[in-house]
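Chemist: coords below, sequence missing:
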Ligand SMILES: *Cc1c(COP(=O)(O)O)cnc(C)c1O
(Lines give C-alpha, C1' and ligand atoms only; values in the text may rest on other atoms or scores of the structure.)
Protein backbone atom coordinates (compact mmCIF):
# COMPACT_ATOMS: atom_id res chain seq x y z
CA UNK A 1 0.00 0.00 0.00
CA UNK A 2 1.16 3.51 -0.78
CA UNK A 3 2.24 4.83 2.65
CA UNK A 4 0.45 8.15 2.05
CA UNK A 5 -2.89 6.37 1.46
CA UNK A 6 -5.04 5.92 4.52
CA UNK A 7 -8.14 3.74 4.69
CA UNK A 8 -10.22 6.86 4.88
CA UNK A 9 -10.06 8.55 1.46
CA UNK A 10 -9.22 11.83 3.20
CA UNK A 11 -6.06 12.79 5.03
CA UNK A 12 -3.76 15.59 5.98
CA UNK A 13 -0.16 15.23 4.90
CA UNK A 14 2.45 16.86 7.13
CA UNK A 15 6.08 17.32 6.24
CA UNK A 16 8.11 17.33 9.47
CA UNK A 17 11.18 18.12 7.37
CA UNK A 18 9.54 21.33 6.16
CA UNK A 19 8.71 22.36 9.72
CA UNK A 20 12.37 21.77 10.66
CA UNK A 21 13.48 23.87 7.67
CA UNK A 22 11.15 26.67 8.72
CA UNK A 23 12.56 26.43 12.24
CA UNK A 24 16.10 26.73 10.84
CA UNK A 25 15.11 29.72 8.69
CA UNK A 26 13.75 31.48 11.78
CA UNK A 27 16.79 30.50 13.87
CA UNK A 28 19.26 31.91 11.39
CA UNK A 29 17.22 35.11 11.00
CA UNK A 30 17.10 35.87 14.73
CA UNK A 31 20.60 34.48 15.43
CA UNK A 32 21.10 36.06 18.88
CA UNK A 33 17.68 35.19 20.22
CA UNK A 34 16.56 31.74 21.35
CA UNK A 35 13.64 30.26 19.40
CA UNK A 36 10.68 28.82 21.32
CA UNK A 37 8.52 26.78 18.93
CA UNK A 38 4.86 27.28 19.77
CA UNK A 39 3.04 23.93 19.55
CA UNK A 40 -0.31 24.76 21.17
CA UNK A 41 -3.61 23.57 19.65
CA UNK A 42 -2.08 20.30 18.46
CA UNK A 43 0.82 22.19 16.86
CA UNK A 44 -1.70 24.31 14.90
CA UNK A 45 -3.33 21.10 13.69
CA UNK A 46 -0.04 19.46 12.65
CA UNK A 47 0.30 16.96 15.52
CA UNK A 48 1.82 18.16 18.81
CA UNK A 49 3.75 14.99 19.68
CA UNK A 50 5.25 14.33 16.23
CA UNK A 51 6.15 17.99 15.63
CA UNK A 52 7.67 18.49 19.09
CA UNK A 53 9.70 15.28 19.01
CA UNK A 54 11.00 16.15 15.58
CA UNK A 55 11.98 19.68 16.62
CA UNK A 56 13.57 18.47 19.86
CA UNK A 57 15.70 16.05 17.84
CA UNK A 58 16.47 18.96 15.52
CA UNK A 59 17.81 21.11 18.35
CA UNK A 60 14.83 22.97 19.82
CA UNK A 61 15.74 23.99 23.36
CA UNK A 62 12.29 24.86 24.71
CA UNK A 63 8.59 24.81 23.79
CA UNK A 64 5.57 27.04 24.25
CA UNK A 65 1.97 25.86 24.69
CA UNK A 66 -1.30 27.41 25.83
CA UNK A 67 -2.55 24.83 28.33
CA UNK A 68 -1.23 22.76 31.20
CA UNK A 69 -2.72 19.70 29.48
CA UNK A 70 -0.71 20.35 26.31
CA UNK A 71 2.48 20.58 28.34
CA UNK A 72 1.58 17.33 30.10
CA UNK A 73 1.20 15.63 26.69
CA UNK A 74 4.72 16.78 25.81
CA UNK A 75 6.19 15.51 29.09
CA UNK A 76 4.39 12.20 28.57
CA UNK A 77 5.91 12.01 25.06
CA UNK A 78 9.37 12.30 26.57
CA UNK A 79 10.05 15.99 25.92
CA UNK A 80 12.46 17.08 28.65
CA UNK A 81 13.13 20.64 27.45
CA UNK A 82 11.72 23.61 29.37
CA UNK A 83 8.05 24.25 28.50
CA UNK A 84 6.27 27.55 29.05
CA UNK A 85 2.48 27.53 29.38
CA UNK A 86 1.21 30.91 28.18
CA UNK A 87 -2.31 30.88 29.58
CA UNK A 88 -3.59 32.06 32.93
CA UNK A 89 -3.19 29.67 35.86
CA UNK A 90 -5.87 28.75 38.39
CA UNK A 91 -4.79 27.82 41.91
CA UNK A 92 -5.60 24.11 41.68
CA UNK A 93 -3.26 23.73 38.68
CA UNK A 94 -0.17 25.06 40.45
CA UNK A 95 0.98 21.79 42.11
CA UNK A 96 0.75 20.06 38.73
CA UNK A 97 2.98 22.69 37.11
CA UNK A 98 5.57 22.21 39.83
CA UNK A 99 5.33 18.42 39.77
CA UNK A 100 5.94 18.31 35.99
CA UNK A 101 8.56 21.06 36.05
CA UNK A 102 6.60 23.38 33.75
CA UNK A 103 7.05 27.12 33.54
CA UNK A 104 3.95 29.19 34.23
CA UNK A 105 2.90 32.75 33.65
CA UNK A 106 2.35 35.01 36.64
CA UNK A 107 0.92 38.47 36.60
CA UNK A 108 -0.06 39.24 40.18
CA UNK A 109 1.57 39.18 43.59
CA UNK A 110 -1.29 37.04 44.89
CA UNK A 111 -0.66 34.39 42.28
CA UNK A 112 3.04 34.43 43.00
CA UNK A 113 2.33 33.95 46.70
CA UNK A 114 0.21 30.88 45.84
CA UNK A 115 2.98 29.55 43.60
CA UNK A 116 5.60 30.16 46.27
CA UNK A 117 3.51 28.34 48.89
CA UNK A 118 2.90 25.38 46.59
CA UNK A 119 6.59 25.17 45.71
CA UNK A 120 7.57 25.28 49.39
CA UNK A 121 5.11 22.47 50.12
CA UNK A 122 6.57 20.40 47.28
CA UNK A 123 10.14 21.27 48.32
CA UNK A 124 10.82 22.28 44.72
CA UNK A 125 11.53 25.49 42.91
CA UNK A 126 8.73 26.83 40.70
CA UNK A 127 9.77 28.47 37.44
CA UNK A 128 7.79 31.49 36.38
CA UNK A 129 7.69 33.99 33.53
CA UNK A 130 6.22 37.36 34.51
CA UNK A 131 3.51 38.45 32.10
CA UNK A 132 3.26 42.14 31.27
CA UNK A 133 0.24 43.53 29.42
CA UNK A 134 1.37 46.22 27.03
CA UNK A 135 -1.86 46.64 25.08
CA UNK A 136 -3.54 43.29 24.45
CA UNK A 137 -5.81 43.45 27.55
CA UNK A 138 -5.85 39.67 27.83
CA UNK A 139 -3.67 38.55 30.74
CA UNK A 140 -0.78 40.25 32.43
CA UNK A 141 -0.14 43.15 34.75
CA UNK A 142 -0.45 46.50 32.96
CA UNK A 143 2.95 47.91 32.06
CA UNK A 144 2.20 51.04 34.07
CA UNK A 145 1.64 48.94 37.21
CA UNK A 146 4.43 46.43 36.62
CA UNK A 147 7.05 47.89 38.93
CA UNK A 148 5.43 46.61 42.14
CA UNK A 149 5.15 43.11 40.70
CA UNK A 150 8.76 43.07 39.52
CA UNK A 151 9.91 44.28 42.91
CA UNK A 152 7.82 41.66 44.73
CA UNK A 153 9.01 38.93 42.38
CA UNK A 154 12.50 39.21 43.84
CA UNK A 155 11.33 38.23 47.35
CA UNK A 156 9.89 34.78 46.78
CA UNK A 157 12.31 32.12 47.97
CA UNK A 158 10.79 29.20 46.09
CA UNK A 159 10.30 30.87 42.73
CA UNK A 160 12.85 31.26 40.00
CA UNK A 161 11.95 34.11 37.65
CA UNK A 162 13.01 32.49 34.39
CA UNK A 163 11.57 35.10 32.06
CA UNK A 164 9.45 38.17 31.51
CA UNK A 165 7.20 38.57 28.52
CA UNK A 166 4.46 40.38 26.71
CA UNK A 167 2.36 39.72 23.61
CA UNK A 168 1.63 41.77 20.48
CA UNK A 169 -1.95 42.47 19.42
CA UNK A 170 -1.22 43.76 15.88
CA UNK A 171 2.28 42.80 14.84
CA UNK A 172 1.00 41.25 11.59
CA UNK A 173 -0.58 44.50 10.36
CA UNK A 174 0.87 46.81 7.76
CA UNK A 175 0.66 49.69 10.22
CA UNK A 176 3.10 48.85 12.99
CA UNK A 177 2.51 51.91 15.15
CA UNK A 178 0.61 50.05 17.89
CA UNK A 179 3.11 47.18 17.92
CA UNK A 180 5.95 49.68 18.26
CA UNK A 181 4.11 51.35 21.11
CA UNK A 182 3.66 47.97 22.83
CA UNK A 183 7.38 47.26 22.47
CA UNK A 184 8.24 50.69 23.93
CA UNK A 185 5.95 50.02 26.90
CA UNK A 186 7.57 46.64 27.48
CA UNK A 187 11.07 48.15 27.37
CA UNK A 188 9.90 50.84 29.77
CA UNK A 189 8.77 48.20 32.29
CA UNK A 190 12.08 46.37 31.83
CA UNK A 191 14.02 49.46 32.89
CA UNK A 192 13.30 48.29 36.42
CA UNK A 193 16.21 45.85 36.18
CA UNK A 194 19.10 48.12 35.17
CA UNK A 195 17.70 50.77 37.48
CA UNK A 196 18.29 48.39 40.38
CA UNK A 197 21.56 47.07 39.03
CA UNK A 198 19.94 43.75 38.17
CA UNK A 199 20.24 41.56 35.11
CA UNK A 200 16.78 40.99 33.65
CA UNK A 201 15.45 37.46 33.19
CA UNK A 202 14.89 36.26 29.63
CA UNK A 203 12.85 38.95 27.82
CA UNK A 204 10.42 38.07 25.03
CA UNK A 205 7.53 39.58 23.08
CA UNK A 206 7.79 38.55 19.41
CA UNK A 207 5.23 36.24 17.80
CA UNK A 208 5.39 35.51 14.05
CA UNK A 209 4.38 39.06 13.11
CA UNK A 210 7.03 40.56 15.39
CA UNK A 211 9.69 38.17 14.10
CA UNK A 212 8.91 39.10 10.49
CA UNK A 213 8.38 42.84 10.85
CA UNK A 214 10.05 44.15 14.00
CA UNK A 215 13.65 42.93 14.37
CA UNK A 216 14.06 45.21 17.41
CA UNK A 217 11.44 43.08 19.18
CA UNK A 218 13.45 39.85 19.03
CA UNK A 219 15.16 40.51 22.40
CA UNK A 220 16.33 37.28 24.13
CA UNK A 221 13.79 34.85 22.75
CA UNK A 222 11.14 34.68 20.00
CA UNK A 223 7.93 32.65 19.98
CA UNK A 224 7.01 31.64 16.43
CA UNK A 225 3.76 29.77 15.97
CA UNK A 226 2.09 29.98 12.60
CA UNK A 227 5.22 30.68 10.55
CA UNK A 228 6.85 27.53 11.88
CA UNK A 229 4.16 25.70 9.90
CA UNK A 230 4.95 27.72 6.79
CA UNK A 231 1.94 30.00 6.93
CA UNK A 232 2.25 33.79 7.18
CA UNK A 233 0.03 35.40 9.81
CA UNK A 234 -1.68 37.74 7.34
CA UNK A 235 -1.71 38.81 3.70
CA UNK A 236 -0.13 42.16 4.42
CA UNK A 237 2.75 40.98 6.64
CA UNK A 238 6.29 41.49 5.26
CA UNK A 239 7.57 38.07 4.22
CA UNK A 240 11.11 38.79 5.43
CA UNK A 241 11.79 35.10 6.13
CA UNK A 242 10.96 32.45 3.56
CA UNK A 243 8.92 29.62 5.02
CA UNK A 244 7.05 26.84 3.24
CA UNK A 245 3.69 25.28 4.11
CA UNK A 246 4.10 21.94 5.88
CA UNK A 247 0.52 20.76 5.56
CA UNK A 248 -1.68 19.71 2.68
CA UNK A 249 -5.23 18.39 2.88
CA UNK A 250 -6.32 15.80 0.36
CA UNK A 251 -9.34 13.70 -0.38
CA UNK A 252 -10.65 11.59 -3.27
CA UNK A 253 -13.59 11.77 -5.63
CA UNK A 254 -16.14 9.23 -4.39
CA UNK A 255 -19.01 9.94 -6.77
CA UNK A 256 -19.50 11.38 -10.26
CA UNK A 257 -22.73 12.38 -11.97
CA UNK A 258 -24.34 14.74 -14.45
CA UNK A 259 -26.78 17.19 -12.90
CA UNK A 260 -29.63 18.45 -15.07
CA UNK A 261 -30.45 22.16 -15.50
CA UNK A 262 -32.53 23.52 -12.64
CA UNK A 263 -31.77 20.67 -10.20
CA UNK A 264 -30.59 22.22 -6.93
CA UNK A 265 -27.49 20.80 -5.26
CA UNK A 266 -27.19 20.04 -1.51
CA UNK A 267 -29.09 21.26 1.58
CA UNK A 268 -31.32 24.23 1.08
CA UNK A 269 -30.94 24.10 -2.70
CA UNK A 270 -28.69 27.16 -2.77
CA UNK A 271 -27.07 26.37 -6.14
CA UNK A 272 -28.31 25.20 -9.54
CA UNK A 273 -27.08 25.32 -13.11
CA UNK A 274 -28.92 26.40 -16.26
CA UNK A 275 -27.15 23.75 -18.32
CA UNK A 276 -26.13 20.14 -17.67
CA UNK A 277 -22.97 19.94 -15.57
CA UNK A 278 -20.66 17.28 -14.24
CA UNK A 279 -20.62 17.24 -10.44
CA UNK A 280 -18.44 15.16 -8.16
CA UNK A 281 -18.86 14.43 -4.47
CA UNK A 282 -15.97 14.72 -2.00
CA UNK A 283 -16.19 12.93 1.39
CA UNK A 284 -15.17 15.88 3.60
CA UNK A 285 -17.42 18.28 5.50
CA UNK A 286 -17.65 20.76 8.32
CA UNK A 287 -17.48 17.79 10.71
CA UNK A 288 -13.86 17.53 9.54
CA UNK A 289 -13.28 21.25 9.94
CA UNK A 290 -13.98 22.28 6.34
CA UNK A 291 -16.07 25.32 7.21
CA UNK A 292 -19.72 25.50 6.15
CA UNK A 293 -18.93 29.13 5.34
CA UNK A 294 -17.01 27.77 2.32
CA UNK A 295 -20.33 26.78 0.67
CA UNK A 296 -20.52 28.22 -2.87
CA UNK A 297 -17.21 30.05 -2.25
CA UNK A 298 -14.13 27.83 -2.09
CA UNK A 299 -12.25 25.95 -4.77
CA UNK A 300 -10.45 22.62 -4.81
CA UNK A 301 -7.91 21.14 -7.20
CA UNK A 302 -8.73 18.05 -9.28
CA UNK A 303 -6.40 16.91 -12.06
CA UNK A 304 -4.40 20.12 -11.81
CA UNK A 305 -7.44 22.39 -12.25
CA UNK A 306 -9.25 24.51 -9.69
CA UNK A 307 -13.00 23.86 -9.52
CA UNK A 308 -15.66 25.54 -7.36
CA UNK A 309 -17.47 23.98 -4.42
CA UNK A 310 -21.19 24.27 -5.20
CA UNK A 311 -24.13 24.07 -2.80
CA UNK A 312 -23.78 23.90 0.95
CA UNK A 313 -20.92 22.04 2.55
CA UNK A 314 -22.53 19.19 4.53
CA UNK A 315 -21.18 17.67 7.74
CA UNK A 316 -19.34 14.89 5.89
CA UNK A 317 -19.46 15.70 2.15
CA UNK A 318 -19.49 18.49 -0.39
CA UNK A 319 -20.00 18.79 -4.14
CA UNK A 320 -17.72 20.26 -6.80
CA UNK A 321 -18.71 21.55 -10.23
CA UNK A 322 -16.42 20.26 -12.98
CA UNK A 323 -18.49 21.94 -15.72
CA UNK A 324 -17.21 19.95 -18.73
CA UNK A 325 -14.05 18.73 -17.02
CA UNK A 326 -13.48 15.07 -16.34
CA UNK A 327 -12.64 13.15 -13.21
CA UNK A 328 -12.91 9.56 -12.08
CA UNK A 329 -13.70 8.03 -8.75
CA UNK A 330 -10.50 7.88 -6.77
CA UNK A 331 -8.99 11.03 -8.32
CA UNK A 332 -7.19 13.18 -5.77
CA UNK A 333 -8.99 16.30 -4.57
CA UNK A 334 -6.75 18.90 -2.92
CA UNK A 335 -8.43 21.19 -0.41
CA UNK A 336 -5.19 22.83 0.82
CA UNK A 337 -2.02 22.54 -1.24
CA UNK A 338 -1.33 22.42 -5.00
CA UNK A 339 -1.62 26.20 -5.19
CA UNK A 340 -4.41 26.64 -2.65
CA UNK A 341 -3.06 28.12 0.59
CA UNK A 342 -4.52 28.17 4.09
CA UNK A 343 -4.77 31.95 3.52
CA UNK A 344 -6.92 31.38 0.40
CA UNK A 345 -9.28 29.14 2.37
CA UNK A 346 -9.32 31.74 5.16
CA UNK A 347 -10.26 34.48 2.70
CA UNK A 348 -13.12 32.39 1.26
CA UNK A 349 -14.40 31.61 4.76
CA UNK A 350 -13.80 35.18 5.96
CA UNK A 351 -11.48 34.11 8.74
CA UNK A 352 -7.72 33.89 9.37
CA UNK A 353 -5.34 31.08 8.36
CA UNK A 354 -4.80 30.25 12.04
CA UNK A 355 -8.41 29.13 12.32
CA UNK A 356 -8.26 27.15 9.08
CA UNK A 357 -5.37 24.93 10.17
CA UNK A 358 -6.24 24.57 13.85
CA UNK A 359 -9.80 23.65 12.89
CA UNK A 360 -8.95 20.43 11.03
CA UNK A 361 -10.53 17.76 13.22
CA UNK A 362 -8.87 14.72 14.72
CA UNK A 363 -11.07 12.44 12.59
CA UNK A 364 -8.95 13.47 9.59
CA UNK A 365 -5.96 11.12 9.69
CA UNK A 366 -2.53 12.76 9.78
CA UNK A 367 0.16 11.25 7.59
CA UNK A 368 3.73 12.31 8.37
CA UNK A 369 6.18 12.37 5.50
C1 LIG B 1 0.01 31.72 20.09
C2 LIG B 1 1.06 32.53 20.72
C3 LIG B 1 2.26 32.79 20.03
C4 LIG B 1 2.49 32.40 18.58
O5 LIG B 1 1.80 33.31 17.75
P6 LIG B 1 1.94 33.24 16.14
O7 LIG B 1 1.23 34.45 15.69
O8 LIG B 1 1.29 31.98 15.74
O9 LIG B 1 3.39 33.25 15.86
C10 LIG B 1 3.26 33.46 20.70
N11 LIG B 1 3.08 33.86 21.99
C12 LIG B 1 1.93 33.65 22.66
C13 LIG B 1 1.80 34.14 24.07
C14 LIG B 1 0.88 33.00 22.05
O15 LIG B 1 -0.26 32.80 22.73
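Modeler: Perfect, thanks for sending it. All of these numbers come straight from a predicted model, not from anything done at the bench.

Chemist: Can you report how many residues lie near residue 174?
Modeler: Other residues within reach of residue 174, judged by other Cβ atoms under 10 Å, total 11. (Each C-beta comes from the backbone N, C-alpha and C, glycine too.)

Chemist: Centre of the chain to the strand or helix carrying residue 121, how far?
Modeler: If you go by DSSP states H and E, residue 121 is part of helix 109-122. Distance of helix 109-122 from its chain centroid, counting by Cα atoms, centre = their mean, to the nearest Å, is 31 Å.

Chemist: Name every strand pairing with the helix or strand just after it and say which way it goes.
Modeler: The element immediately downstream of helix 109-122 (helix or strand, assigned by DSSP H and E) is strand 126-133. Paired strands of strand 126-133, with direction, are strand 103-106 (parallel), strand 141-142 (parallel), strand 159-165 (parallel) (DSSP bridges).

Chemist: Which single residue of this protein approaches the ligand most closely?
Modeler: Residue of the chain nearest the ligand, by Cβ to the nearest ligand atom: residue 225 (2.4 Å).

Chemist: hang on, isn't that residue packed against residue 35?
Modeler: No. Taking Cβ atoms under 8 Å as the definition, residue 225 is not a contact partner of residue 35, at 11.5 Å.

Chemist: what sits in contact with each of the two?
Modeler: Residues touching both residue 225 and residue 35 by Cβ atoms under 8 Å, 6 or more residues apart in numbering: none at all.

Chemist: before we move on, back to that, any idea which of the strands paired with strand 126-133 is most buried?
Modeler: Of all the strands paired with strand 126-133, strand 103-106 has the most neighbours on average by mean count of other Cβ atoms under 10 Å, namely a mean of 24.

Chemist: So is that strand next to the ligand?
Modeler: No. On the criterion Cβ under 6 Å from any ligand atom, strand 103-106 is out of touch with the ligand, staying 8.4 Å away.

Chemist: Could you verify my assumption that residue 313 touches residue 292?
Modeler: Yes. With contact defined as Cβ under 8 Å, residue 313 reaches residue 292; the gap is 5.0 Å.

Chemist: So for the two, which residue has more residues nearby?
Modeler: Of the pair residue 313 and residue 292, residue 313 is the one with more neighbours under other Cβ under 10 Å, namely 27 against 15.

Chemist: And for residue 81, nearest residue in space, chain neighbours not counted?
Modeler: Closest residue to residue 81 apart from its sequence neighbours, by Cβ to Cβ, 6 or more residues apart in numbering: residue 62 at 5.2 Å.

Chemist: actually residue 153, not the one I typed
Modeler: Nearest to residue 153 is residue 161, by Cβ to Cβ, 6+ apart, at 5.3 Å.

Chemist: what bridges to the one you found?
Modeler: residue 128.

Chemist: tell me the contacts of it?
Modeler: 128-130, 153-154, 201.

Chemist: now do 10 Å
Modeler: Contact partners of residue 161, counting by Cβ atoms under 10 Å, 6 or more residues apart in numbering, are 106, 112, 126-130, 150, 153-154, 200-202.
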